[in-house]
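S.K.: Below is the sequence, then the predicted model.
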Amino acid sequence: MVTRIPSKTLANGVEMPYVGLGVYKMTDREETLQAILKALEIGYRAIDTAALYYNEAEVGEAIRNSGIKREEIFVTTKVWNSDQGYDETLRAFETSLKKLGLEYVDLYLTHWPVEGKFVDTYRAIEKLYEEKLIRVPGVSNHHAHHLEKVFAKANVMPMVNQVELHPYLSQEELRAFCKEHNIAVTAWSPLGRGVVLKDETISKIASEVGKTEAQVILRWHYQNDIITIPKSVTLSRIEENISIFDFELTDDQIARINNVNKNERVGKDPDNFHFDF
């Protein structure tokens, strides 16, 4: 059965599916191709990759082999930290585009806000947008103060901010800031790397609605206007993760999930991250 996934209309009118397939840590070629093809077959229309993931070539190959028109698939990739800066980002994008084997990318993101470079990185992304090589300019892992620095130099505001977000890190202030500036929020690690699946409140609500904990959490995101990119190579989970549009959480259930927030990260804080370049 093919699931029709609703889309969010971004600031420039481009439609971005509310649920996409994240491909972080998919390193086995055949497994990656199989996961993406299965996802596309059952209704996914968004794939989220990055230069760092070393699987852009597989993403492009799967899209070409899927039989689905390119314009129906929303492809996101990102510039890695060691490639940031204005000219460096333009070169990195060219490399990503070549690996993907595509004529354009739907969404291109700064992966992390590298101090002294992330504003110039976004300016390069803006240029790619002006040249119609990308359909949407965006950023990832940006706090409000990072975004404000970008705003000061940008002609076109970022339209997407992809951040760690799940019930244990609900990011309400950042979400409100992004909403005020018409920036869509995408959650990476929307299930909190599995930690949140064990939460008692989530489990109780899952029993109440007859769904899995993962489905409850992803539905919570959707009802909070948050785009998600759950990652999995397990075919049953890929299917489970989009089976969230045939039920609704009540206001009370949403409030109960909101209350489990601990401001607890499973990844790095964008104000304090160190990666090997």
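M.R.: Everything's here; your move.

S.K.: could you pull out the strands for the protein?
M.R.: Taking DSSP state E as the criterion, the chain carries its strands at 7-9, 15-17, 21-22, 46-48, 74-79, 105-110, 134-140, 160-164, 184-188, 227-228.

S.K.: now the ones you listed in TSV, with mean neighbour count, distance to G67 and mean pLDDT?
M.R.: The way it works is simple: take the backbone N, C-alpha and C, and place the C-beta from them, glycine included. Shown next, in TSV, are the strands of the chain (neighbours: other CB atoms under 10 Å; distance: least, CB to CB, whole Å; pLDDT from 0 to 100):
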stretch	mean neighbour count	distance to G67	mean pLDDT
strand 7-9	14	21	98
strand 15-17	19	18	98
strand 21-22	26	17	98
strand 46-48	26	15	98
strand 74-79	26	16	98
strand 105-110	26	19	98
strand 134-140	24	22	98
strand 160-164	24	28	98
strand 184-188	24	27	98
strand 227-228	27	25	98
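
S.K.: what sits against the residue lying closest to P113 once chain neighbours are set aside?
M.R.: Nearest residue to P113 in three dimensions, chain neighbours excluded: H146, at 4.4 Å (CB to CB, 6 or more residues apart in numbering). The neighbourhood of H146, defined by CB atoms under 8 Å, 6 or more residues apart in numbering, consists of 113, 118, 139, 270.

S.K.: Closest one to L21 out of these, please.
M.R.: In terms of CB to CB, no member of the contacts of H146 lies closer to L21 than V139, at 20.7 Å.

S.K.: If the closest one is in a bridge, with which residues?
M.R.: T110, N161 (DSSP bridges).

S.K.: Give me the below-cutoff pLDDT ranges for this protein.
M.R.: Scanning the chain for pLDDT under 70 picks out the ranges 276-277.

S.K.: sorry, back to before: same list, the strands of the chain, but as JSON lines with distance to T32 please.
M.R.: Formatted as JSON lines, the strands of the chain follow (distance: least, CB to CB, whole Å):
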{"stretch": "strand 7-9", "distance to T32": "25"}
{"stretch": "strand 15-17", "distance to T32": "20"}
{"stretch": "strand 21-22", "distance to T32": "10"}
{"stretch": "strand 46-48", "distance to T32": "10"}
{"stretch": "strand 74-79", "distance to T32": "14"}
{"stretch": "strand 105-110", "distance to T32": "18"}
{"stretch": "strand 134-140", "distance to T32": "21"}
{"stretch": "strand 160-164", "distance to T32": "20"}
{"stretch": "strand 184-188", "distance to T32": "18"}
{"stretch": "strand 227-228", "distance to T32": "20"}
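
S.K.: Compare these and report which one is nearest to L218.
M.R.: Judging these by CB to CB, what sits closest to L218 is strand 227-228, at 5.7 Å.

S.K.: how close does Q34 sit to Y54?
M.R.: 17 Å (CB to CB, to the nearest Å).

S.K.: ok, the two, which is more surrounded?
M.R.: Q34 (17 against 14; other CB atoms under 10 Å).

S.K.: if I pick the more buried one, what's in contact with it?
M.R.: Taking CB under 8 Å, 6+ apart, we find Q34 in contact with 233, 235.

S.K.: rerun that using 10 Å as the cut-off
M.R.: By CB atoms under 10 Å, 6 or more residues apart in numbering, the contact set of Q34 is 26, 28, 58, 62, 233, 235, 238.

S.K.: Among these, give me the pair with the biggest separation.
M.R.: Counting by CB to CB, the most remote pair of these is E58 and L235, 16.3 Å apart.
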